[in-house]
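Peer 1: Here is the input, now give the coordinates:
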Amino acid sequence: MSEEPAGLYFHIPFCSRICPYCDFAVRTGDRARRRRFVDHLLAEIELHDGQALRFDTIYFGGGTPSSLLPEEIGQILDAVRRRFRFEDDVRIFVEVNPEDVTAETVTAWRGLGVHTLSLGIQALNADGLKFLGRLHDVDQARHSVDLARDAGFDTVAIDLIYGLPGQTASDWRAELDRALALPAQHFSCYQLTIHPRTRFSLLEKRGELTQLPVDEQGELFRLTHRYLNDAGMQGYEVSQFARAPAHRSRHNLKYWNHTPYLGLGPAAHSFHERRRWWNYRRTNPWQEAILQGKLPVEGEERLDTRALVLEALMTGFRTYAGVDLSGIRSRWGVDLQVTDSALINRLHSEGLLSLADDRLVPTLEGLALADSISPMFGAAFDVTP
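Peer 2: Purely as a prediction, here's the structure:
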């Protein structure tokens with residue numbers, strides 16, 4: 001069991017418009033519906049009164065947390081501060097859309113103690129924004145970063161999406177140059193993925209949208225890491241880059257390190273020790289459970305040692321730090337250098353992994369194939385729960 005402080009996550013499901021690539025649990029909703037949602041979220045917090053975990057991060061994700069009024073976010077923060085235990089250096093993260101950023105809102109969010117403002121920019125060119133269904137324009141995107149920096153947030157983060165149909169290496173390099181010119185300290189660069197039941201999936205089935213070939217997607221992935229690292233925006237995960245370690249996402253690191261986290265709101269997931277559980281994805285059953293005085297948990301799973309080790313591999317191979325072999329030995333009693341030595345040697349000879357300081361560290365090629373490397377492990381080791 002990890003003794004590290006846990007992370008607290010709030011899923012805010014509302015958006016002004018559902019983006020064509022999005023498969024998250026999101027919905028539109030008027031002001032009255034959003035107010036009712038906040039009331040139910042406050043009631044869910046009360047159901048967790050006496051929570052044993054202590055927290056050092058609070059993350060508002062979605063959806064679009066900035067669809068709530070700043071005072072509503074303040075109500076949520078006041079409620080958890082009364083009922084939960086927090087470290088003195090707790091850090092608060094809020095995702096926002098550029099069109100919601102004004103001099104008034106950034107001042108209000110900063111006044112609530114928010115440390116990191118994450119801006120869902122996604123593209124810094126007009127064609128990209130139109131294709132991705134975003135409501136802001138390029139000038140609004142740039143201005144939102146300036147306003148956030150002027151408001152004094154510790155970290156201003158931006159999201160970008162690459163791999164759009166027809167996008168070339170030259171196009172993406174120019175986009176990165178535009179992003180690097182902004183006063184942001186953290187980038188999240190996500191490769192466009194077509195998910196089932198999205199608008200893009202429908203267009204693809206109709207033959208109206210064609211994804212980039214796999215080799216071109218790989219080229220853009222490698223370009224992203226080489227170009228940003230050379231520019232001083234250091235990568236630390238397959239899609240995450242920061243100007244300095246202090247600007248890395250303390251909250252997201254918990255997901256990769258098997259640190260406990262509690263998720264509140266529809267579709268939110270939680271993890272503690274060997275148990276993972278998740279709330280109802282749809283807002284209505286989530287609300288109905290809360291009205292009945294029940295935790296709105298739709299399902300759960302108990303993870304055996306094998307599953308935990310394989311998850312540690314899956315998340316570790318997605319990071320620059322790699323997989324901590326000594327940590328796996330001490331935590332779960334599995335020595336991968338014994339059970340999977342032949343596989344490790346093969347992956348090393350293929351230039352996908354290196355072994356340094358008792359860690360399996362992916363190369364850039366290994367990072368590109370991280371999701372396919374981790375399932376290779378586990379065939380040799382046999383562990384008990």
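Peer 1: Burial check on residue 299, number of neighbours?
Peer 2: Counted with other CB atoms under 10 Å, residues neighbouring residue 299 total 9. Placement of C-beta: from N, CA and C, glycine included.
Peer 1: Leaving aside the residues adjacent along the chain, what's closest to it?
Peer 2: residue 278 (5.9 Å; CB to CB, 6 or more residues apart in numbering).
Peer 1: Tell me who's in contact with the one you found.
Peer 2: By CB atoms under 8 Å, 6 or more residues apart in numbering, residue 278 lies in contact with 263, 267-270, 297-300.
Peer 1: And those, which is closest to residue 366?
Peer 2: residue 269 (26.8 Å; CB to CB).
Peer 1: Is the closest one bridged to anything, and to what?
Peer 2: Each beta-bridge partner of residue 269 is listed here, defined by DSSP bridges: residue 278.
Peer 1: for the contacts of residue 278, which one is nearest residue 322?
Peer 2: Closest approach to residue 322 among the contacts of residue 278 (CB to CB): residue 269, at 24.3 Å.
Peer 1: The closest one is in contact with residue 280, isn't it?
Peer 2: No: counting by CB atoms under 8 Å, residue 269 stays clear of residue 280, with 11.8 Å between them.
Peer 1: of the two, who's got more company?
Peer 2: Shown here are residue 269 and residue 280; by other CB under 10 Å, residue 280 has more neighbours (20 against 14).
Peer 1: My guess is the more buried one contacts residue 266. True?
Peer 2: Yes: if you go by CB under 8 Å, residue 280 and residue 266 touch, sitting 6.0 Å apart.
Peer 1: Which neighbours do the two have in common?
Peer 2: Contacts common to residue 280 and residue 266, judged by CB under 8 Å, 6+ apart, are 286, 296.
Peer 1: After the lengthiest strand in the chain, which helix or strand is next?
Peer 2: In terms of residue count, the longest strand belonging to the chain (DSSP state E) is strand 85-96. Going down the chain from strand 85-96, the next helix or strand is helix 103-111, by DSSP states H and E.
Peer 1: Following element in sequence after that next one, please.
Peer 2: strand 116-122.
Peer 1: Alpha carbons only: can I get the following helix or strand past that following strand in CSV?
Peer 2: Downstream of strand 116-122, the first helix or strand assigned by DSSP H and E is helix 126-131. The C-alpha trace of helix 126-131 is given here as CSV (Å, rounded to 0.1, in the frame of the first residue of the first chain):
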residue,chain,number,x,y,z
ALA,A,126,-7.7,28.5,-38.2
ASP,A,127,-8.2,25.3,-40.3
GLY,A,128,-7.2,23.0,-37.4
LEU,A,129,-9.6,24.8,-35.1
LYS,A,130,-12.5,24.5,-37.6
PHE,A,131,-11.7,20.8,-38.2
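Peer 1: How about residues contacting helix 126-131?
Peer 2: For helix 126-131, contacts defined as CB under 8 Å, 6+ apart pick out 122-123, 136-138, 141, 161, 164-165, 175.
Peer 1: Report the buried members of these.
Peer 2: 122-123, 136, 138, 141, 161, 164, 175 (16 or more other CB atoms under 10 Å).
Peer 1: Any chance of a PyMOL selection covering the buried ones in the contacts of residue 278?
Peer 2: Buried residues within the contacts of residue 278, by 16+ other CB under 10 Å, are selected in PyMOL with:
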select buried, resi 263+267+268+270
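Peer 1: Would you format the contacts of residue 278 as JSON lines with pLDDT and distance to residue 111 included?
Peer 2: Compiled in JSON lines, these are given as follows (pLDDT from 0 to 100; distance: CB to CB, whole Å):
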{"residue": "263", "pLDDT": "98", "distance to residue 111": "26"}
{"residue": "267", "pLDDT": "96", "distance to residue 111": "29"}
{"residue": "268", "pLDDT": "97", "distance to residue 111": "26"}
{"residue": "269", "pLDDT": "97", "distance to residue 111": "30"}
{"residue": "270", "pLDDT": "97", "distance to residue 111": "29"}
{"residue": "297", "pLDDT": "98", "distance to residue 111": "34"}
{"residue": "298", "pLDDT": "98", "distance to residue 111": "35"}
{"residue": "299", "pLDDT": "97", "distance to residue 111": "38"}
{"residue": "300", "pLDDT": "97", "distance to residue 111": "37"}
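Peer 1: Among the contacts of residue 278, which pair sits farthest apart?
Peer 2: Farthest apart among those by CB to CB are 267 and 300. That separation is 14.3 Å.
Peer 1: so what secondary structure elements neighbour the longest strand of the chain?
Peer 2: strand 54-62, helix 70-83, helix 103-111, strand 116-122, helix 250-256 (3 or more CB pairs under 8 Å, 6 or more residues apart in numbering; DSSP states H and E).
Peer 1: Quick one: mean pLDDT over it.
Peer 2: Average pLDDT, strand 85-96: 97.
Peer 1: Could you list the low-pLDDT ranges of the stretch 1-150 of the chain?
Peer 2: 1-3 (pLDDT under 70).
Peer 1: if we go to 50?
Peer 2: Applying pLDDT under 50 to the stretch 1-150 of the chain picks out residues 1-2.
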